[in-house]
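Chemist: Everything below, folded, please.
(chains A and B)
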Amino acid sequence: MAAAQPPPALVPLQTGAQPAISAALTDATVRVSSDFRGDKIVLYGAVFDPMARPSDVVVIVRGPEEPVRIARKSKIAGVWINSRPVVFQGAPGFYIAASTRPLDEIARFAVLRKLEAGVDHLAIHAPAEQRTETRYGIRDMVVSSLGADYFDWRTAVIRLKETAGLYDTNGHGVRFVDKGLFRAEIALPAEAPIGRYDVRILLFQNGQPVSEKDRSLTVEQVGLERALYLWAHQRPWSYGLAAMAFALAAGWAASSAFRRN
Amino acid sequence: MDIYLPIAEVSVNAPLLVALGALVGFISGLFGIGGGFLMTPVLVFLGIPPAVAVASMSNHVAASSMSSVISYSRRRSVDFRMGGVLAGGGVVGAIVGVEIFRWLRLIGQADLVVALSYLIFLGVIGGLMLWESLGAILRRRRNAPAPPRKDRRPPWLYGLPLKLRFPRSRLYISVIPPILLGAFVGVLSAIMGVGGGFILVPAMIYILRMPASVVVGTSLFQIIITTALTGVLQAGRNQTVDIVLALLLLVGGVLGAQFGARASTRFRAEELRALLAFIVLMVGLRMGLGLFFTPHEPFVLMSGAGG
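Modeler: Presented below is the predicted three-dimensional model:
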């Protein structure tokens, strides 16, 4: 999977030569078996820049996307009650942004927002709560029915995912190990969802992204875990019947075993 | 020694779960209850998604109830006919309950209803049982005579149609009260993720006036049928049964239930009731009082985005 990138010697040595980045994962598949307790994703890469301008590297790992339902508790008649749940789209199941320096030192807000770099810049929105209407004489303004609290809801999604260990920002997660050669280490918790992950490696110079590489990573169950998972999801009724029959048989067997003693 | 659960998609400590299963199984065999009201909250506390905990627990409860009901049936203390009538209601109740629970999850009020159900049902039943059994223990200590039992069965039990003879329970009553009771317990068991023995046992004693000797075995028999159905429905409709989790719990559970069923003969009935009442009351308060405290995190993520 090593990128087919020309070695630095072949890059034409001229002023304004385009800087480039290349990277590869040491293992593109994370196998989840019965002893899975999280894993470490290790990524190596190189920055090719004949001008040797100061470079920053940002690595963004995004897990499979899934809508998030979130509710807010409020006190009604002395009891804390959930509000109607709000569905947010665009939230990855796993997200980590690792970089050589804290992101806000690397690029400006608008640049980071456009690239969705950093948990605060994820494009999370609640489409079901949005409608367009005319306000202050301006047509087609997007208004959220969550009103002024919209920001609270959005940050709560990220905060709760961070608490669950699924979202993180690591301002020192990428290190240059040699001139132009960098290494990133990303911890994948046991709670990380199964599926295909996108790994985006960005080279920043002077506050702008100048080169980009995309890699993908698969987190998959193997062996018995995979067989059970597939059975439970593809043939749920036969799985349910078998699981219950097995449970009842185990109860029966234990009782018989004890009777003989 | 951690083990990864394929459906829950989390990693848990295997010996801890086996020990937990054994403890709950012991309590289950001792008191003739499923033990789900203890197991479900503990599993959620250990970080297992609530939907998976509730569903997988029904496999565990069915297994440990199966293991102990056989011991009870050998002592001829299971009224299969009464259990069958109760389970008939329970099957309808469980199907209705699973649908209610899906709807509650959809509108985001499942947590509230679950917590309130625990607080109300466990609180009231635990409180009443504790009061009654402590009274009995105190009277025995003082050698005071037992208060005259109001043994007259309520007339409505006899006035209703569709009467059926229950020889094992020495009853000749209408099937309507047991069916309604079974249905009510079935709904609760699907919503609360419990077998429902903690409601069934007192109801059989105080409402149906069944002899105490057959109550526990009969309750276990009805729990097997209701939880077996709930477990299959949960797997089929929600894909939330984790067989590895259920297996870990039932390894300890079936063994614990055997010891529990044996140990139950060594204690006085009122002491057992007092202990069970205390456990029930504590779990109810623990689950329900959280509703009244200001949460440190006002937002909550709901599982199952599809509803």
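Chemist: The residue nearest to B:Met66 when sequence neighbours are not counted is in what secondary structure piece?
Modeler: The shortest distance from B:Met66 to any non-neighbouring residue, by CB to CB, 6 or more residues apart in numbering or on different chains, is to A:Gly251 (2.9 Å). Placement of C-beta: from N, CA and C, glycine included. Element membership for A:Gly251, per DSSP states H and E: helix A:236-260.
Chemist: quick revisit: the residue nearest to B:Met66 touches B:Ser64, doesn't it?
Modeler: Yes. Assessed by CB atoms under 8 Å, A:Gly251 is found in contact with B:Ser64 at 6.3 Å.
Chemist: quick one on the thing from earlier: count the residues that sit near the residue nearest to B:Met66.
Modeler: Other residues near A:Gly251 number 28, with proximity taken as other CB atoms under 10 Å in any protein chain shown.
Chemist: ok, back up a step: need the overlap of contacts for A:Gly251 and B:Ser64.
Modeler: Shared contacts of A:Gly251 and B:Ser64 (CB atoms under 8 Å, 6 or more residues apart in numbering or on different chains): B:250, B:254, B:257.
Chemist: Switch the residues you listed over to a markdown table; also include neighbour count.
Modeler: Listed next are those as a markdown table, based on neighbours: other CB atoms under 10 Å in any protein chain shown:
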| residue | neighbour count |
| --- | --- |
| B:Leu250 | 30 |
| B:Val254 | 30 |
| B:Ala257 | 35 |
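Chemist: Quick one: these as CSV, columns for distance to chain A and secondary structure too.
Modeler: CSV is the format used below for those (distance: CB to the nearest CB, whole Å; DSSP: H, G, I helix; E, B strand; the rest coil):
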residue, distance to chain A, secondary structure
B:Leu250, 6, helix
B:Val254, 4, helix
B:Ala257, 8, helix
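Chemist: State whether B:Val185 and B:Val91 are indeed in contact, as I suppose.
Modeler: No. Look at B:Val185 against B:Val91 with CB under 8 Å: they stay out of range, at 11.1 Å.
Chemist: Just the element for B:Leu20, please.
Modeler: Using DSSP H and E, B:Leu20 sits in helix B:14-31.
Chemist: for that helix, packing partners?
Modeler: Applying 3 or more CB pairs under 8 Å, 6 or more residues apart in numbering or on different chains; DSSP states H and E, one finds that helix B:14-31 contacts helix B:36-45, helix B:50-74, helix B:243-263, helix B:269-288.
Chemist: buried sites along that helix?
Modeler: If you call a residue buried by 16 or more other CB atoms under 10 Å in any protein chain shown, then helix B:14-31 has these buried ones: B:14, B:17-18, B:20-31.
Chemist: again with stretch B:282-302
Modeler: By neighbour count on 16+ other CB under 10 Å, the buried set for stretch B:282-302 is B:283-285, B:287-288, B:291, B:299-302.
Chemist: Run through the residues that contact A:Val219.
Modeler: Residues in contact with A:Val219 (CB under 8 Å, 6+ apart) are A:29-30, A:32, A:63, A:188, A:192-197.
Chemist: separation between B:Leu17 and B:Val24?
Modeler: 11 Å (CB to CB, to the nearest Å).
Chemist: Give me the common contacts of the two.
Modeler: Residues touching both B:Leu17 and B:Val24 by CB under 8 Å, 6+ apart: B:Leu249.
Chemist: Enumerate the helices of the stretch 151-261 of chain A by residue range, in sequence order.
Modeler: Taking DSSP state H, counting those that start in this stretch as the criterion, the stretch 151-261 of chain A contains helices spanning A:223-234, A:236-260.
Chemist: will you turn these into TSV that also has distance to A:Leu103 and mean pLDDT?
Modeler: Converted to TSV, the helices of the stretch 151-261 of chain A look like this (distance: least, CB to CB, whole Å; pLDDT from 0 to 100):
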stretch	distance to A:Leu103	mean pLDDT
helix A:223-234	36	86
helix A:236-260	43	86
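Chemist: what bits of the chain have low per-residue confidence?
Modeler: You didn't say which chain, so I picked chain A. Low-confidence segments of chain A, defined by pLDDT under 70: A:1-16, A:130-135, A:137-145, A:147, A:260-261.
Chemist: wrong chain, I was asking about chain B
Modeler: For chain B, applying pLDDT under 70 flags the ranges B:32, B:34, B:146-159, B:303-307.
Chemist: neighbouring contacts of stretch A:98-108?
Modeler: Contacts for stretch A:98-108 (CB under 8 Å, 6+ apart): A:56-61, A:97, A:112, A:117-118, A:169-176, A:182, A:184-186, A:204, A:207-209.
Chemist: one more time with 6 Å, if that's ok
Modeler: Defining contact as CB atoms under 6 Å, 6 or more residues apart in numbering or on different chains, one finds that stretch A:98-108 is touched by A:56-59, A:112, A:117-118, A:170-171, A:173-174, A:184, A:186, A:204, A:207.
Chemist: surely the residue nearest to B:Met66 meets B:Ser65?
Modeler: No. Applying CB atoms under 6 Å as the test, A:Gly251 and B:Ser65 come out as separate, 7.1 Å apart.
Chemist: Excluding chain neighbours, give the residue nearest to the residue of the stretch 101-250 of chain A found nearest chain B in space.
Modeler: The stretch 101-250 of chain A approaches chain B most closely through A:Gly240 (2.7 Å), counting by CB to the nearest CB. Distances taken as CB to CB, 6+ apart put B:Ala235 closest to A:Gly240, at 2.7 Å, once the chain neighbours are dropped.
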